[in-house]
Structure formats: structure tokens, C-alpha cells
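Novice: here is a sequence with its predicted model. Questions after.
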Amino acid sequence: MATTAVSLSVLAAVLEIWGIVWTVLDIRKARRRLAQYLHRGRHIYASGTLHVEAAMPLTVQSANSTVEQRVEALETQQQNLKEELARRDRQLIERLSTRFGSELKATEKTLDDQLTGLRDYIKGAEEHWWKAYRGPLVLVLGVIAGLFANIFSAAS
């Protein structure tokens, strides 16, 4: 019985050391995977909405115009200004809605890319339960073997 107790004590020690080493190696592997994930390349998508604005044409009057001609030119310019402001307002609303939509799509692509990377990282961590907990399980087996070694040692 003494040899059984010694054998179980040796087995317990080996299993406990093996379990601790396996646990440490798994922790280091997980840290390396996390570091690889954190240093992976990121794609940031931007929308390409750049427009060149056409300016309202200016009319130049000669100095030899009469007062009535100048007033008529000012009234025409004022009417054209109202129309130009309305046109620009419509154009601005259209451009803002287009730009907002393209910015929203670009942001969605960026977030989707980051979410895909996170999913890939988590999928890589999915292992069979034995692989995920093998170190602690071997350590528990070592503790159980140590318990039996103590029982056999006390019995003899």
C-alpha cells in the first residue's frame, strides 16, 4: 500500500504540474491571439461626395446707363438672386441628403468590417470544451490523485 500511495503522489504531482503548464500555455496563446486581433489592419471607408459649385453670373453695367436702366437692372438682379437662392437651397438639400446617405453607408461599411473582425476573433476562440479547459481539468485530476494518495498513505 505504501508503494501505491507513493505512486499516486508522483502521479498527482505530474498531473498538477502538467495542468498548470497547460493552463499557462493556453493563457499565453489567448494573449497572442488578442494582440494579433488588436493590431490587425482596419478599413475606414469614406464617401466620395465632392462637388464643384457653379457661381451666379454677374452682369456689369456701363457707366453711361440711365437711372431707369440701372433700376431695371437692379430689379432684374434682385429677381435673379431670389431664383438663384431658391435653386441653391434645393441643391443644398439634395446634396446634404445624398451626402448623408453616402456617409451613412460608409460608416455602416466601417462598422460592419470591425464587427466581422470581432466575429472572426471570437470564432477563433471557439474550441472543443476539452481544449478550452484541458489545463484546469488535468490539474483537478492531479488533486484527486493526490487525495487518493493521502488516503492510501493514512491507511497504511
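Specialist: Sure thing, it's come through. Residues are numbered from 1 along each chain as shown.

Novice: could you point out which element follows the helix or strand harbouring Arg28?
Specialist: In this structure, Arg28 sits in helix 2-38 according to DSSP states H and E. Downstream of helix 2-38, the first helix or strand assigned by DSSP H and E is helix 67-125.

Novice: show me what that next one is packed against.
Specialist: Applying 3 or more CB pairs under 8 Å, 6 or more residues apart in numbering; DSSP states H and E, we find helix 67-125 packed against helix 2-38. Using the backbone N, CA and C atoms, a C-beta is placed for each residue, glycine as well.

Novice: average pLDDT across the helix it packs on?
Specialist: Regarding helix 2-38, the rounded mean pLDDT is 88.

Novice: for stretch 99-114, same thing?
Specialist: Across stretch 99-114, the average pLDDT comes to 87.

Novice: about what we covered before: what is the helix holding Arg28 packed up against?
Specialist: If contacts are counted by 3+ CB pairs under 8 Å, 6+ apart, helix 2-38 sits against helix 67-125, helix 129-155.

Novice: which residues touch Tyr37?
Specialist: Counting by CB atoms under 8 Å, 6 or more residues apart in numbering, Tyr37 touches Gly117, Leu118, Tyr121.

Novice: what of Trp129?
Specialist: For Trp129, no residue meets the contact criterion (CB under 8 Å, 6+ apart).

Novice: tell me the centre residue of this structure?
Specialist: Gln114 (3.1 Å; CA atoms, centre = their mean).

Novice: next one: Ala155 from Ser9, what distance?
Specialist: For Ala155, the distance to Ser9 (CB to CB, to the nearest Å) stands at 14 Å.

Novice: so for stretch 143-156, what gets flagged as buried?
Specialist: Within stretch 143-156, the residues scored as buried using 16 or more other CB atoms under 10 Å are Ala145, Gly146, Ala149, Phe152.

Novice: tabulate those in CSV, adding columns for pLDDT and distance to Leu34.
Specialist: Listed next are the buried residues of stretch 143-156 as CSV, based on pLDDT from 0 to 100; distance: CB to CB, whole Å:
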residue, pLDDT, distance to Leu34
Ala145, 91, 33
Gly146, 90, 33
Ala149, 88, 38
Phe152, 83, 44
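
Novice: export these to a markdown table and tack on distance to Gly101?
Specialist: Formatted as a markdown table, the buried residues of stretch 143-156 follow (distance: CB to CB, whole Å):
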| residue | distance to Gly101 |
| --- | --- |
| Ala145 | 66 |
| Gly146 | 67 |
| Ala149 | 72 |
| Phe152 | 76 |
